[in-house]
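**Q** sequence unknown, structure follows:
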């Protein structure tokens, strides 16, 4: 009998005892088993040496399960024999010290590994009727309506001094931002460029794009150095369904040093990061608002326009890597000068600098995930696998999704069902957040076009939920418990060891919490033993 079955069986016996009044509520389930998270590059020999040290410590401290992540699990078809020898070495180690390995796969929200096979499977945002004019054999992008950002912003916080088109921030004690309100066209791609100079700046300069009181672009860093001369920085965003936006630039936290901005400019670029697949067509037609020309009413690739693609899509700096800004591809054409065109396409939805999700509605996606599941299962022959469906920040906006007539939650639910079937015969685990109405299964999540509620209907009750909703512990744990899911608490998160007690208190009031996982994103295993002691002390 597996450890999961033993834990669930113990929970059932305890539940019967509780019904007779023989045990207190906190004893309803067996003490949770200890898990830990481990991210690694199994192609690197030095990483394996460190792994062995940590795993032996974990086993000695009472951990019995490890959730293992390696981005290369999505690229096993490209790994050499040495990599698979390392997999065998890790499996042998785990067996010798009594650890069960649960590999993580299906990183559909951070899909760089999967997208290295086909960058055009990226989830996209539609660009509609972008204006171009033919000049010298090239369709040049225009900006309609025209945008001119004035030298003086319409608002600035007190710590921002604006003089002759230069915004200066020095040793700000609170937020120091300035902003412009801009009329834009809905569902267009926009490029903001700005020059930034710093001198001993200790903070992180940022740009935020807002519409209707919500962010419509998400960026963690502009890549500004602490000290640099005037350097251009670029931000690309989709206006989505908005005809007016607010551009905010500056510093959101107190900082020391000097930060200067100038030369801000907003324009529509060409087909930057254009996605080309069946569910993401490129179309071009004559601009109905322009004077009549001798050109055709519809411009066709291969006849009037050279084939349109972005060779840097998902290829820079390496396979599966996306950049928000690079020089867009040139639209070369045989149409006469002065011809006005309106072009539509799909741009890759890039969030937080590099994060890109798979399009869950394209048939190529499931073929890719099926191949990934087959290879990972063959390599590990594990008893269980973690579906890494977390933080899927773009979904439901491109043509492949909208044609289905389903909400983002329904699309995600179907994908979760399909992925779980690929793992049939094994225990299936999944992160909670995208299926949690108290976390990300909501309306208005990042660049998701619609409502993610009902996503939880894609999870059979046998799926074990790995719950990290620390802000709503009680509500989230109870929600999944009421739906019959066993759960594992993903505690720690590089915080305080003692914080796990609040999790355990919340878990004591629901059924089916079978495990507690030491979860670190910073490869910080200093508190591995203390965490185990804290869990045992509670029980």
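**A** Arrived safely, thanks for sending. Being a predicted model, the structure only gives us computed values, none of them experimental.
**Q** which residue ranges form the helices in this protein?
**A** For the chain, applying DSSP state H gives helices covering 3-19, 45-60, 81-97, 112-115, 363-380, 399-402, 408-422, 473-482, 500-507, 528-538.
**Q** now for these, which one comes closest to residue 329?
**A** Closest of the helices of the chain to residue 329 is helix 112-115, at 18.6 Å (criterion: Cβ to Cβ). (C-beta placed from N, C-alpha, C; glycine too.)
**Q** Distance from the chain centre to that closest one, please.
**A** In terms of Cα atoms, centre = their mean, to the nearest Å, the centre of helix 112-115 is found 12 Å from the chain centre.
**Q** Equivalent analysis for stretch 333-349, please.
**A** The chain centroid and the centroid of stretch 333-349 are separated by 30 Å under Cα atoms, centre = their mean.
**Q** Low-confidence regions, the protein specifically.
**A** Within the chain, the stretches with pLDDT under 70 are 1-29, 291-296.
**Q** So it: which segments form each domain?
**A** For the chain, whose domains are defined here by automatic domain parsing, the residue ranges read 1-30, 31-118+353-538, 124-142+271-348, 155-267.
**Q** Give me whichever of the helices of the chain is most buried.
**A** Highest mean neighbour count among the helices of the chain (mean count of other Cβ atoms under 10 Å): helix 112-115, with a mean of 24.
**Q** which residues does residue 166 contact?
**A** 260, 261, 262 (Cβ atoms under 8 Å, 6 or more residues apart in numbering).
**Q** Could you double-check that the first one lies in contact with residue 197?
**A** Yes - the criterion here is Cβ atoms under 8 Å, and residue 260 meets it with residue 197 at 4.4 Å.
**Q** mind putting the helices of the chain in CSV, distance to residue 325 included?
**A** Formatted as CSV, the helices of the chain follow (distance: least, Cβ to Cβ, whole Å):
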stretch, distance to residue 325
helix 3-19, 46
helix 45-60, 32
helix 81-97, 34
helix 112-115, 18
helix 363-380, 26
helix 399-402, 24
helix 408-422, 27
helix 473-482, 37
helix 500-507, 41
helix 528-538, 41
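**Q** what's the closest of the ones you listed to residue 317?
**A** Per Cβ to Cβ, nearest to residue 317 of the helices of the chain: helix 112-115, 11.4 Å.
**Q** now what about that closest one, what contacts it?
**A** 71-75, 107-108, 121-122, 314, 320-322, 354, 356, 358, 365, 368-369, 372.
**Q** hmm, 6 Å instead?
**A** Defining contact as Cβ atoms under 6 Å, 6 or more residues apart in numbering, one finds that helix 112-115 is touched by 71, 74, 75, 122, 314, 320, 358, 368.
**Q** what do you get for stretch 247-264?
**A** With Cβ under 6 Å, 6+ apart, stretch 247-264 has contacts from 149, 165-173, 175-180, 194-203, 205-208.
**Q** in it, what counts as buried?
**A** 247-252, 255, 257, 259-262, 264 (16 or more other Cβ atoms under 10 Å).
**Q** Enumerate every residue touching residue 142.
**A** Residue 142 neighbours (Cβ under 6 Å, 6+ apart): 131, 133.
**Q** and it, how far is that from residue 179?
**A** Noted for residue 142: a distance of 25 Å to residue 179, by Cβ to Cβ, to the nearest Å.
**Q** and if you look at residue 483?
**A** Counting by Cβ to Cβ, the gap from residue 483 to residue 179 is 43 Å.
**Q** Buried deepest among the domains of the chain, which one?
**A** Comparing these on average neighbours, where mean count of other Cβ under 10 Å defines a contact, domain 31-118+353-538 leads with a mean of 19.
**Q** hmm, back to that, which among the helices of the chain is found nearest to residue 185?
**A** So among the helices of the chain, helix 399-402 is nearest, using Cβ to Cβ, at 18.9 Å.
**Q** Which residues does the closest one contact?
**A** So helix 399-402 is contacted by 279, 359, 361, 362 (Cβ under 6 Å, 6+ apart).
**Q** For the third one, give its distance to residue 401.
**A** Spelled out, it's residue 361. Here the criterion is Cβ to Cβ. By it, residue 361 lies 4 Å from residue 401.
**Q** The last one now?
**A** Spatial separation of residue 362 from residue 401 under the definition Cβ to Cβ is 9 Å.
**Q** again with the second one
**A** In this view, residue 359 and residue 401 are 7 Å apart by Cβ to Cβ.
**Q** tell me how far stretch 146-161 is from the chain's mean position?
**A** For stretch 146-161, the distance to the chain centre is 32 Å (Cα atoms, centre = their mean).
**Q** Could you do stretch 194-213 as well?
**A** 22 Å.
**Q** Can you name the residues in contact with it?
**A** Contacts to stretch 194-213, defined as Cβ under 6 Å, 6+ apart, come from residues 216-217, 222, 224, 226-233, 235, 237, 242, 245-246, 248-249, 251-253, 255-264.
**Q** Out of those, which sit inside strands?
**A** Among those, DSSP state E puts 228-233, 235, 237, 245-246, 248-249, 251, 258-264 in strands.
**Q** I'd like to know the beta-bridge partner residues of the nearest residue to residue 132 once chain neighbours are set aside.
**A** Computed as Cβ to Cβ, 6 or more residues apart in numbering, the closest residue to residue 132 that is not its neighbour in sequence is residue 139, at 4.0 Å. Counting by DSSP bridges, residue 139 forms beta bridges with residue 134, residue 331.
**Q** can I assume residue 139 is in contact with residue 334?
**A** No - Residue 139 lies out of contact with residue 334 (Cβ atoms under 6 Å); the separation is 10.6 Å.
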